[in-house]
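1. okay, sequence plus prediction incoming.
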Amino acid sequence: HPSRQRFLKDFLQRDEPSYLAYWTVRRYVGKGVPPKEVGNPAEVVQHVPAELAERARELAVETDIDCIVTIGGGSSTGLAKAIALTMRRPIIAIPTTYAGSEQTTIYGITGERHKQTGKSADVLPKVVIYDPELTVGIPAFVTGPSAFNALAHSVEALYAPGCNPITTAMALEGVRAIHSSLAQVMASPADVDARSDLLYGAYLSGVALGQTSAAFHHKICHVLGGTFNLVHADAHSVILPHAIAFLSPALPREMALLAGALGGEPAGALWDLAVASNVPTTLSALGLTEADLQEAAERSVAEVAKIA
């Protein structure tokens with residue numbers, strides 16, 4: 001529709017996104033009439049705190065929105081999903097990182113040091129616009145961990161509940177695309193072709209996750225984020241090689257497929273990629289202390305036990 005096209009053109013021209021995630025709520029006021037912005041709060045917090053979700057929902061109800069437009073990373077999309085969960089309004093997602101949340105029905109809201117996740121068709125964006133040029137400004141300390149977040153989606157889709165031959169094919173292609181492009185993106189951040197390949201891999205990873213579910217590795221990362229407020233993407237780059245090393249003996253078929261996509265033994269290849277990409281590789285670097293380990297372990301075991 002012409003008004004929708006004008007809306008997106010005006011929006012993108014006026015608010016060029018950077019690596020700082022933000023979201024906006026807009027309203028269509030009539031056929032052929034440019035949309036009216038009814039709310040554009042800059043506050044976006046990782047892990048979607050429950051109190052922030054409630055404030056955003058109140059704004060959405062107060063302004064009687066017709067749709068939600070989210071530009072940014074997983075935190076932006078997560079907040080949009082929190083609104084859509086209760087408002088049942090369509091989401092238009094324009095991702096500027098590699099989080100992949102825009103391709104899933106998964107939502108997460110954090111309260112009282114616990115991240116509660118769930119699934120609902122109401123939170124799946126109706127439209128997703130990918131543009132690698134919008135990712136060029138992402139700094140290396142965001143790009144690398146965000147790519148590992150996407151990589152974890154594909155890796156876990158190989159064995160997570162709900163996996164099947166189709167999701168496996170998509171996941172392996174996602175792994176290959178990310179593995180082959182991440183080093184180039186980190187070395188040449190303005191390389192749009194490499195950014196495009198990385199975004200392609202992130203898309204496939206998001207779809208694969210959306211068709212399966214969060215498993216062992218993700219459950220641990222949710223604990224680290226929800227309980228200790230560690231950066232979600234950074235937690236992925238730290239945990240993924242170790243999670244795969246732990247699971248490998250129980251998953252010989254899946255690990256053989258993963259080895260083919262990575263070009264080597266999975267845990268070692270993931271570790272090498274993390275080191276080469278200069279992403280975080282220790283929990284202490286993220287702020288977790290030795291005193292936190294017991295609680296982190298106990299909560300992780302409890303979350304992993306819920307996998308069905």
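-> Right, received. Where do you want to start? Quantities reported herein were computed from a predicted structural model and do not represent experimental measurements.

2. okay, now the unreliable bits of the stretch 1-150 of the chain?
-> Filtered on pLDDT under 70, the stretch 1-150 of the chain yields the residue ranges 1-43, 47.

3. what do you get if the cut-off is 50, keeping everything else the same?
-> Within the stretch 1-150 of the chain, the segments meeting pLDDT under 50 span 1-35, 38.

4. so where do the strands sit in it?
-> 22-27, 36-39, 67-72, 91-95, 106-111, 114-119, 127-128 (DSSP state E, counting those that start in this stretch).

5. ok, the closest residue to Glu265 other than its chain neighbours to Gln184 distance?
-> Spatial nearest neighbour of Glu265, excluding adjacent residues (Cβ to Cβ, 6 or more residues apart in numbering): Ala259 at 6.0 Å. Yep, even glycine has a C-beta here, placed from its N, CA and C like the rest. To Gln184, Ala259 is 22 Å away according to Cβ to Cβ, to the nearest Å.

6. what of Met255?
-> Met255 is 26 Å from Gln184, by Cβ to Cβ.

7. who has more neighbours, the two?
-> When Met255 is set against Gln184 and neighbours are counted by other Cβ atoms under 10 Å, the residue ahead is Met255, at 21 against 15.

8. what sits against the more buried one?
-> Ile244, Leu247, Ser248, Pro266 (Cβ atoms under 8 Å, 6 or more residues apart in numbering).

9. ok, Glu53 - contacts?
-> Residue 53: Ala, not Glu. Counted by Cβ under 8 Å, 6+ apart, Ala53 has contacts Leu79, Ala82, Ile83, Ile109.

10. to clarify, my last question referred to Glu303.
-> Glu303 neighbours (Cβ under 8 Å, 6+ apart): Lys219, Ile220, His222, Val223.

11. so what's the first one closest to, chain neighbours aside?
-> What that stands for is Lys219. Glu303 (4.1 Å).

12. name the residues of the helix or strand the one you found falls within that are buried.
-> Assigned by DSSP states H and E, Glu303 falls within helix 293-304. Buried positions in helix 293-304, judged by neighbour count with 16 or more other Cβ atoms under 10 Å: Ala296, Arg299, Ser300, Glu303.

13. let me see the mean pLDDT of it.
-> Averaging pLDDT along helix 293-304 gives 95.

14. what about dumping the CA coordinates of that helix to CSV?
-> Taking Å, rounded to 0.1, in the frame of the first residue of the first chain, the C-alpha atoms of helix 293-304 are listed here in CSV:
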residue,chain,number,x,y,z
LEU,A,293,29.1,-20.1,40.4
GLN,A,294,27.2,-22.3,42.8
GLU,A,295,24.0,-20.4,42.3
ALA,A,296,24.6,-20.3,38.5
ALA,A,297,25.1,-24.1,38.4
GLU,A,298,22.1,-24.9,40.5
ARG,A,299,19.8,-22.6,38.5
SER,A,300,21.2,-24.0,35.2
VAL,A,301,20.5,-27.6,36.2
ALA,A,302,17.0,-26.7,37.2
GLU,A,303,16.4,-25.0,33.8
VAL,A,304,17.9,-27.8,31.8
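
15. how far does that helix sit from its chain's centre?
-> Distance, stretch centre to chain centre, for helix 293-304: 22 Å (Cα atoms, centre = their mean, to the nearest Å).

16. rewinding a little: point out the most buried one among the strands of the stretch 1-150 of the chain.
-> Highest mean neighbour count of the strands of the stretch 1-150 of the chain: strand 67-72, a mean of 26 (counted as mean count of other Cβ atoms under 10 Å).

17. what segments of the stretch 151-300 of the chain are strands?
-> Going by DSSP E, counting those that start in this stretch, the stretch 151-300 of the chain shows no strands.

18. quick one: contacts for Thr227?
-> Contacts of Thr227 by Cβ under 8 Å, 6+ apart are Arg113, His114, Lys115, Glu295, Ala296, Arg299.

19. next, the angle strand 114-119 makes with the helix holding Glu303.
-> Interaxial angle, helix 293-304 versus strand 114-119 (axes from the mean of the first three to the mean of the last three Cα atoms, to 10 degrees): 20 degrees.

20. ok, and what's touching the longest helix anywhere in the chain?
-> Assignment by DSSP state H gives helix 165-187 as the longest helix of the chain. Residues from elsewhere that reach helix 165-187, judged by Cβ under 8 Å, 6+ apart: 98, 140, 143-144, 147, 150-151, 153-155, 157-158, 163, 191, 194-195, 197-198, 200-205, 207-208, 211-212, 257-258, 260-263, 269, 273, 276-278.

21. check the offset of it from the chain's centre.
-> 15 Å.
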